[in-house]
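Asker: Give the three-dimensional model of this entry:
(chains A and B)
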Amino acid sequence: MSFTVTTCPLVEARAPRADLYDFTVCCPEIARIATPGQFIMVRCGELTLRRPISICDAEGDLLRFVFEVRGAGTAWLAERKVGDILDILGPQGNGFTFDDTSQPAVFVGGGIGIFPLLHACKPFGTQATVLLGFRSADLVSMLEDFQAAGADVRLATDNGTAGHHGLVTDLLRARCDEGPVSAIFACGPKPMLRATAAIAEEWEIPCQLSLEQRMACGIGACLGCAQKIRHPDGTETYAHVCSDGPVFDARVVVW
Amino acid sequence: MVVPNLAVNIAGVTLANPVVTASGTFGFGREYGTLYSLAELGAIAVKGLTLKERPGNAPPRVAETPAGMLNSVGLQNPGVDAFIREELPWLKEQGAVVIANIAGSTIEDYCAMAECLSDTAVDMIELNISCPNVKEGGVAFGTSCDSVAAITAAVRGYCRKPLIVKLSPNVTDIAEIAVTAVDNGADALSLINTLLGMRVDIQTRRPILANNVGGLSGPAVRPIAVRMVWQVHQRVNVPIIGMGGVATWEDAVEMMLAGANAIAVGTALYLDPYAPLKIKQGVADYLDRSGMADVSELVGAVQVY
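Answerer: As a prediction, this is how the structure comes out:
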């Protein structure tokens, strides 16, 4: 566990679509040590709890995170301007672990769960297949970033307004049919993660899932963000998304 | 300029300063201990312990509220033996003054824990009869004078460490409860635990917490805590650790003026992990500016109308 609490300037702030914000801060303390799948806890004014936000990318001194306005905290954050100072705790959590980045891997993202997959898919370059699911075409974001990372990017929407008309997990099945997959990495809504885990099990492909839970301290002290997991001996206990996760092996997650 | 004395004496134990971390918010110190030395704190009240390991409640366990939060962690902990074996030696190595917070579903559980902890290096034992998040025991012991008398007297018989009784605010008259605890052997009191609260998601029409209800903490409860500390201070002659929404040095001074000998910081840690150290420094600077030589001069010094 190696995290810091630090202040850093917002150096780039974009709004790729309504209610979606793409922020980059200059934060060497966190950016230089962040690994794919880790997250940060961002202070939002005087609100009691920091907001956990996944790291979208880290390059040199720059740390990028993307968030959707969901409530008071993210609304406060959305109003920050370039030059403003943010108070961030991180990097936190256990991210994705990579066995062999020269082997083909599939990244499955749904909605605002797609963002941490950018940092994660980069080491795989053209060996990455990135499957992105959204409710509709107007919510699609970051396609170009994934393409620029070298990934084979495929799209699905619930209403068929962009890409495959259906679930992102349909694309996962199709990709598994096409050829070998050494690992699956996923982040998104729980039903999508659960379906991804089932497909991974069916195809016997190692699978890592990034989970979410309501969080308070973000560092493993308060035990707020519980997630039930199964141990090899069959017993079940509550692990914690902030300190044991957010990334878990799909086989241990109790749904 | 003379450096003001920050040390306080709680039931025979010297705290280097009056800033304690509140049980349940600080784990066993390992996480915050990566940011600063735990010896900087006056004391650490560790996560509530039970006789056997407890899995805790189903998630979601936390929810933000105006100027505060609800929690229903449900006393997830590895059990008192694992604490003694795996956490306590490390905590003492860090130079921390350790308050072992104990909870149970029967009086026998509390007595057994007090007895085994009395043979360890813990500095004090905090009797948690105010946890609102467990179905049996917990707050059930803390809401009537009869049950407070029974459990305090019983645990006193087994406890060879200074005994703190942690009081629930979910009562009609906290001062009566406080007097009862002291009459039955409490060496010190800590108050307040969380206030029982609830939030409902209006989209799903379900409670946000899987436990339906949870304990409210944070600045929202501070005026209640200050009032209760003040009421209790007038009725007892034992030290009080005041807590409930303390987030800044100003809050700490206010709590001490109301009658607290020391204060505990909890929920404020989540916004600023360094809050306890900032409060300690802020109190020292306030004493200095006020020409006060000793932090104890603040205790109960409120001049009421």
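
Asker: What is the neighbour count of residue B:101?
Answerer: Residues lying near residue B:101 (other C-beta atoms under 10 Å in any protein chain shown) number 23. For the C-beta atoms, the positions are set from N, CA and C on the backbone; glycine is no exception.

Asker: Run through the residues of chain A sitting next to chain B.
Answerer: A:1-5, A:43, A:46-50, A:73, A:89, A:213-228, A:237-238, A:243 (C-beta under 8 Å from any C-beta of the partner chain).

Asker: Helices of the stretch 101-250 of chain B, residue ranges please.
Answerer: Here the stretch 101-250 of chain B has its helices, by DSSP state H, counting those that start in this stretch, at B:107-117, B:145-156, B:174-183, B:222-233, B:249-258.

Asker: neighbours of residue 233, just the number please.
Answerer: Let's take chain A. Using other C-beta under 10 Å, the number of residues around residue A:233 comes to 5.

Asker: wait, I meant chain B there
Answerer: 24.

Asker: and if you look at residue B:303?
Answerer: Neighbour count for residue B:303, taken as other C-beta under 10 Å: 5.

Asker: separation between it and residue B:240?
Answerer: Going from residue B:303 to residue B:240 by C-beta to C-beta, to the nearest Å gives 18 Å.

Asker: before we move on, back to that, among the residues of chain A next to chain B, name the buried ones.
Answerer: A:3, A:5, A:43, A:47-50, A:73, A:89, A:213-227, A:237-238, A:243 (16 or more other C-beta atoms under 10 Å in any protein chain shown).

Asker: Mark which of the residues of chain A next to chain B are part of helices, please.
Answerer: Among the residues of chain A next to chain B, the members falling in helices (DSSP state H) are residue A:73.

Asker: Just the C-alpha atoms of the longest helix seen in chain A, please, in PDB.
Answerer: Counting by DSSP H, the longest helix found in chain A is helix A:190-203. Listed next in PDB are the C-alpha coordinates belonging to helix A:190-203 (Å, rounded to 0.1, in the frame of the first residue of the first chain):
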ATOM      1  CA  LYS A 190     -23.000  -5.700 -12.400                       C
ATOM      2  CA  PRO A 191     -25.200  -7.600 -14.800                       C
ATOM      3  CA  MET A 192     -22.600  -7.100 -17.500                       C
ATOM      4  CA  LEU A 193     -19.800  -8.300 -15.200                       C
ATOM      5  CA  ARG A 194     -21.800 -11.300 -14.100                       C
ATOM      6  CA  ALA A 195     -22.400 -12.300 -17.700                       C
ATOM      7  CA  THR A 196     -18.800 -11.700 -18.600                       C
ATOM      8  CA  ALA A 197     -17.700 -14.000 -15.700                       C
ATOM      9  CA  ALA A 198     -20.100 -16.700 -16.900                       C
ATOM     10  CA  ILE A 199     -18.700 -16.500 -20.400                       C
ATOM     11  CA  ALA A 200     -15.100 -16.600 -19.100                       C
ATOM     12  CA  GLU A 201     -15.900 -19.700 -17.100                       C
ATOM     13  CA  GLU A 202     -17.500 -21.400 -20.000                       C
ATOM     14  CA  TRP A 203     -14.500 -20.700 -22.200                       C
END
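
Asker: Name the surrounding residues that touch it.
Answerer: A:108, A:110, A:113, A:133, A:167-169, A:172-173, A:176, A:181, A:184, A:186-187, A:206-207, A:209, A:211, A:250-251, A:253, A:255 (C-beta atoms under 8 Å, 6 or more residues apart in numbering or on different chains).

Asker: Could you list the buried residues of it?
Answerer: Within helix A:190-203, the residues scored as buried using 16+ other C-beta under 10 Å are A:192-197, A:199-200.

Asker: what stretches of the chain score poorly on pLDDT?
Answerer: You didn't pick a chain, so chain A it is. A:1 (pLDDT under 70).

Asker: I was after chain B.
Answerer: Confidence mapping of chain B against pLDDT under 70 gives the ranges B:1, B:133, B:135-138.

Asker: That one against chain A: which residues are in contact?
Answerer: B:24-27, B:30-32, B:34-35, B:47, B:55-65, B:67-69, B:71, B:73, B:76, B:208, B:218-219, B:267, B:269-274.
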